[in-house]
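# A predicted structure for the sequence below; I have some questions about it.
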Amino acid sequence: MTAVTDSAKPQYDFDLIVIGSGPGGQRAAVQAAKLGKKVLVVEKDKLGGSCLQLGTIPSKALRESALMVNPGELSLLGVMERTKRIIAEERTVIHNSLDRNDVTMITGTGSFLDSHTVVVENDGAVTKYSAPYIVIATGTRPRRPSEFDFDGFTIFDSDTVLEMKFQPRTLLVVGAGVIGAEYASIFARTGCRVTLYDARPDLLKSIDQEIVAALVKQMKKNGVQLRLGWKLHSVETVPGETGRAWRADATYTYDDEVLTEKFDAVLVCQGRTGNYEKLKVEKAGLKVDERGSLKVNKNYQTDVKHIYAVGDIIGAPALAASSAEQGRLAALHAFSGKEAKFPDTFPYGIYTIPEISTVGMQEEEAKAKGIRYVVGKATYSELARGKMVEDEFGFLKLIVHAATKRLIGVHVIGTGATELVHIGQVAMAFGATVDFFVDNVFNYPTLAEAYKVAAYNAKNQL
């Protein structure tokens, strides 16, 4: 048998090519670079991907701006300008991070020539790059149902709404998932009369329902009209003198009731689909499912084992934070063989007004599994800090295993919910019992003190 010499081995341009520069792509590139690998990141638009340009960062920046002023006094166009500044600053942070780690960055549309070669096209110029490993992190885009005419003037999706050039007085949000609920809350804060519609009768079914009930109450108080379980029959735009639509008429039914309402704008939030069309994945021996997602194993390998996929392109949980960790784990597996171990429990943050965050088991899930549990609660109204921040509505809820006294779930609604949840996340990761909170000292006055109050509440039941 003839020995294979080094000169006979494939000669690659890079050790890793990453297609997409969102959270998953960034983290994969940096982790590989820290392992001493030569890395190329291909981005078709601007660094940061949809997460930075159109999704997580803009929508949350918009929300924070809305909270800075009194309800109804917000200039939507002014907020959009502030959001653009935040995006530009964050893009610089990302560029500097990749640059510090000697990651090569190139702008252009990447597609497969074969399973080891990526073609990058930019303004007619075409270049080819090869690598033994490739990470796909191209993300998703809003799904656009054919029954809506997305004109960018009256009917928007969650990407194009960020380019809205006027402040609507009335808005119909179609789709009461996370994105729809968040935008409904934000626009209501501007003084806009918002109707949140969904054919499903339940809002945010995957979240603890006591928390959701509290959210619904607050959304109604803030002026959001909920139409859940209705059937939307049509949304027709009415043309103005300029030829552009200037109003949308929505007709829906509930049982025998027929209702037509007029809106200045419509925002459609009915799911997302994978960005795969320009990738030419078939040339790499891959295929996507009906939602444009790629199938991966526990190590984020596709059916072609040296090609990995991370982030929204592989489906749930489709969070910026989870995508980043998937990217890190994929790079570690590729270059060190370390098996990916994604945490069993991780937090969800929903940036409605008020915000929600949750980690671990919800009460409904504990019941379904036959687990004996108790609930410990603390309302912000019990806390001095709650009064100081004028949030006496919020509350924290602990789910505690009745036999072991271990914390198995944390659910928060109100000011700082997405920050507070991490205390419970860490406690759960170390197997803490409810006694941990009782026996430790918390700063006073803080919202975090809610953990101690809720723990006492749970212990009283135990």
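The structure has been received and is ready for your questions.
# could you report the separation of the closest residue to residue 23 other than its chain neighbours from residue 391?
Using CB to CB, 6 or more residues apart in numbering and skipping residues adjacent in sequence, the residue nearest residue 23 is residue 324, 4.0 Å away. Quick note: C-beta positions are derived from backbone N, CA and C, even for glycine. According to CB to CB, to the nearest Å, residue 324 and residue 391 sit 30 Å apart.
# more neighbours, those two?
residue 324 (23 against 20; other CB atoms under 10 Å).
# how about the strands in the stretch 101-250 of the chain?
According to DSSP state E, counting those that start in this stretch, the stretch 101-250 of the chain carries its strands in the segments 104-107, 109-114, 117-122, 125-130, 133-136, 140-142, 155-157, 170-174, 193-198, 224-228, 231-239, 245-254.
# as a markdown table, the ones you listed with distance to residue 269 would be great.
Formatted as a markdown table, the strands of the stretch 101-250 of the chain follow (distance: least, CB to CB, whole Å):
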| stretch | distance to residue 269 |
| --- | --- |
| strand 104-107 | 29 |
| strand 109-114 | 27 |
| strand 117-122 | 31 |
| strand 125-130 | 36 |
| strand 133-136 | 25 |
| strand 140-142 | 7 |
| strand 155-157 | 7 |
| strand 170-174 | 6 |
| strand 193-198 | 9 |
| strand 224-228 | 14 |
| strand 231-239 | 13 |
| strand 245-254 | 15 |
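# just send those back as TSV, with mean neighbour count too.
Converted to TSV, the strands of the stretch 101-250 of the chain look like this (neighbours: other CB atoms under 10 Å):
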stretch	mean neighbour count
strand 104-107	16
strand 109-114	18
strand 117-122	19
strand 125-130	13
strand 133-136	29
strand 140-142	21
strand 155-157	24
strand 170-174	25
strand 193-198	22
strand 224-228	19
strand 231-239	14
strand 245-254	17
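# could those be laid out in TSV, adding mean pLDDT and distance to residue 279?
Output for those, formatted as TSV (pLDDT from 0 to 100; distance: least, CB to CB, whole Å):
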stretch	mean pLDDT	distance to residue 279
strand 104-107	96	16
strand 109-114	97	6
strand 117-122	96	9
strand 125-130	96	14
strand 133-136	98	7
strand 140-142	95	13
strand 155-157	96	21
strand 170-174	97	29
strand 193-198	97	32
strand 224-228	96	37
strand 231-239	92	32
strand 245-254	91	34
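# any idea which element the residue nearest to residue 301 when sequence neighbours are not counted lies in?
Of all residues not flanking residue 301 in the chain, residue 308 sits nearest, at 5.7 Å (CB to CB, 6+ apart). In the assignment (DSSP states H and E), residue 308 maps to strand 307-309.
# what's that strand in contact with?
With contact meaning CB atoms under 8 Å, 6 or more residues apart in numbering, strand 307-309 is reached by 28, 115, 133-137, 284, 286, 294, 296, 299-302, 330, 333-334.
# name whatever forms a beta bridge with the closest residue in space to residue 306 that isn't next to it in sequence.
Take residue 306 and drop its neighbours on the chain: the residue closest to it by CB to CB, 6+ apart is residue 133, 5.3 Å away. Beta-bridge partners recorded for residue 133 (DSSP bridges): residue 16.
# in contact with residue 133, which residues?
15-17, 306-308, 334-335.
# buried subset of those residues, written for ChimeraX?
The ChimeraX selection below is limited to those of the contacts of residue 133 classed as buried (16 or more other CB atoms under 10 Å):
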select :15,16,17,307,308,334,335
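# tell me where this protein has helices.
Remark: helices assigned in the chain by DSSP state H are 23-34, 49-53, 56-68, 76-100, 178-189, 209-221, 320-336, 363-368, 384-388, 417-429, 435-439, 450-461.
# thanks again, I'm all set now.
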